[in-house]
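# my questions are about this predicted structure, shown below with the sequence.
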Amino acid sequence: MQPIASPSLPTLASMNAQETRTFFQEIREQIMHQLRTDEMLITTNTASAATTKQYQDLKDRNYHAVFASQRSSTTWFFMRELLVDYLVEVQGQANLPAALAVDFSDSKVHFWAEIQDDDRAAKRTLLRAQAKINAQYAPYGFHVSSMIVETSDALPVPSHYHVFEPFAEA
């Protein structure tokens, strides 16, 4: 499974001992800074409810809640990245859909697209974007599904979908 991160970053194996120590020192400093910040916020009663709950769950050894919160954060991260990558892929093409909308489920982003009748190029653009994004995110358990309709189908965007304004009709 290949990471999505930039390939220009050095691997740990390629770093010398000093670079490795520096890397881990930076991580420790970032973690300690975050812990000190959270401690200050909690002791001054200015922490968000989510931050307070996170530490209360840790204190109570409520690991189900801790990991559920982490899963939620992880899902949000991947869904946001997947959505942006898909939109960049589609908007970088000449054949754009007439309308585009999105809905989310646990690990899938559902796109609804309306294309002009018999616009095979636009359909190819959407299917290519779906295939590319699925190849990139499937190893992490996230996927894109597409519903492609033509203008003559006269189907409305499903009410639970969110329409992207750049693609909305004026």
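All right, it came through fine. Owing to the predicted nature of the structure, the values given are computational and were not obtained by experimental measurement.

# now the helices: where do they sit in this protein?
Here the chain has its helices, by DSSP state H, at 17-43, 49-59, 63-91, 120-137.

# figure out which of these is closest to residue 160.
Proximity to residue 160 (Cβ to Cβ) singles out helix 63-91 among those, at 15.9 Å. Every C-beta, even on glycine, is put in place using the N, C-alpha and C of the backbone.

# the closest one: which residues count as buried?
66, 75, 78-79, 81-83, 85-87, 89-90 (16 or more other Cβ atoms under 10 Å).

# so can I have TSV of the helices of the chain showing mean pLDDT?
Putting the helices of the chain into TSV (pLDDT from 0 to 100) gives the following:
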stretch	mean pLDDT
helix 17-43	94
helix 49-59	94
helix 63-91	92
helix 120-137	94
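
# let me know the closest of the buried residues of helix 63-91 to residue 39.
Closest approach between those and residue 39, by Cβ to Cβ: residue 66, at 17.5 Å.

# does the closest one really touch residue 55, like I thought?
No. Using Cβ atoms under 8 Å, residue 66 is not in contact with residue 55, being 9.8 Å away.

# where do the domain boundaries of this protein fall?
16-73, 75-167 (automatic domain parsing).

# what's the most buried one of the ones you listed?
Sort those by mean neighbour count, taking mean count of other Cβ atoms under 10 Å, and domain 75-167 sits at the top with a mean of 16.

# just to revisit the earlier point, can you redo the buried residues of helix 63-91 as TSV with distance to residue 32?
Formatted as TSV, the buried residues of helix 63-91 follow (distance: Cβ to Cβ, whole Å):
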residue	distance to residue 32
66	20
75	27
78	27
79	30
81	27
82	32
83	33
85	33
86	37
87	37
89	39
90	42
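
# relative to residue 18, which of the residues you listed is nearest.
The nearest member of the buried residues of helix 63-91 to residue 18, counting by Cβ to Cβ, is residue 81 at 32.5 Å.

# output the helices of the chain in a markdown table, with distance to residue 147 appended to each entry.
Output for the helices of the chain, formatted as a markdown table (distance: least, Cβ to Cβ, whole Å):
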| stretch | distance to residue 147 |
| --- | --- |
| helix 17-43 | 41 |
| helix 49-59 | 34 |
| helix 63-91 | 14 |
| helix 120-137 | 10 |
